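# need a 3D model of the sequence below.
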Amino acid sequence: MEKHPTGSLTRALAAVCTACPVCRNARKNQKGLLHSFVKTIEGRFCPFCMAYEKVYGKKAHER
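Here you go, the predicted model:
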């Protein structure tokens with residue numbers, strides 16, 4: 001993915017995703033119910049997960 005300049009609001013939203021217990025568990029374990037949830041549902045609807053993808057260049061469930 002290409003790096004795009006991100007604003008301070010996008011970086012703040014991505015910071016919430018890094019502290020989110022659901023996303024942290026999905027990144028840590030890479031399997032199970034929470035990983036499937038973040039991979040299929042939350043990544044499409046959660047503004048924090050979308051900001052995480054913009055800032056870090058990877059999905060919220062990836063390490």
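# which residues does the helix or strand of the chain with the lowest mean pLDDT contact?
Between all helices and strands in the chain, the lowest mean by mean pLDDT, DSSP states H and E belongs to helix 43-45, at a mean of 87. With contact meaning CB atoms under 8 Å, 6 or more residues apart in numbering, helix 43-45 is reached by Cys49, Met50, Glu53, Lys59, Ala60, His61. Yep, even glycine has a C-beta here, placed from its N, CA and C like the rest.
# how about that helix, which residues are buried there?
Gly43 (16 or more other CB atoms under 10 Å).
# over to stretch 16-31?
For stretch 16-31, by 16+ other CB under 10 Å, it's Cys17, Cys20, Val22, Cys23, Asn25, Ala26, Arg27.
# pull the longest helix from this protein.
Assignment by DSSP state H gives helix 8-19 as the longest helix of the chain.
# what is it packed up against?
Based on contacts counted as 3 or more CB pairs under 8 Å, 6 or more residues apart in numbering; DSSP states H and E, the elements that helix 8-19 packs against are helix 47-56.
# what angle do the helix it packs on and helix 8-19 make?
110 degrees (axes from the mean of the first three to the mean of the last three CA atoms, to 10 degrees).
# run a quick neighbour tally on Ala15.
Neighbour count for Ala15, taken as other CB atoms under 10 Å: 14.
# low-confidence ranges, this structure, go.
1-4 (pLDDT under 70).
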